[in-house]
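Student: With the input below, show me the fold.
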Amino acid sequence: MAKSRDMRITIALECTSCAQKETCGKSKGISRYTTRKNRRNTPTRLELEKYCPYCSKHTLHKESKR
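Tutor: Predicted coordinates:
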């Protein structure tokens, strides 16, 4: 039995601290990661601790709106 292919979608995760710095004009860029998630298992927005090369530390990365 074939499974539906649109259950797993590709999402982008953005650094929250770089996004806050961008409004002040201090940031060099925004750290973004791409990953895949299952819509059925995680219907809410994904939040993960990832390494940000612009902040040089592990920060909270949230699923961005596309």
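Student: Show me which helix or strand of the protein is least confident by mean pLDDT.
Tutor: helix 16-24 (a mean of 69; mean pLDDT, DSSP states H and E).
Student: Can you list the strands that whatever helix or strand comes next after that one pairs with?
Tutor: Per DSSP states H and E, the first helix or strand lying C-terminal to helix 16-24 is strand 32-38. Note on strand 32-38: by DSSP bridges, its sheet partners are strand 8-15 (antiparallel).
Student: what sits up against the partner strand?
Tutor: 30-39, 46, 48, 50, 52, 54-55, 59-64, 66 (CB atoms under 8 Å, 6 or more residues apart in numbering). The C-beta positions use only the backbone N, C-alpha and C, and glycine is treated the same way.
Student: ok, now how distant is the residue most central in space within the chain from Pro43?
Tutor: Nearest residue to the geometric centre of the chain (CA atoms, centre = their mean): Leu13, 0.9 Å. Separation of Leu13 from Pro43 (CB to CB, to the nearest Å): 17 Å.
Student: Please apply the same query to Thr59.
Tutor: For Thr59 relative to Pro43 (CB to CB), the value is 24 Å.
Student: quick one: which of these two has more around it?
Tutor: Thr59 (16 against 8; other CB atoms under 10 Å).
Student: Quickly list what that one is bridged to.
Tutor: Counting by DSSP bridges, Thr59 forms beta bridges with Lys50.
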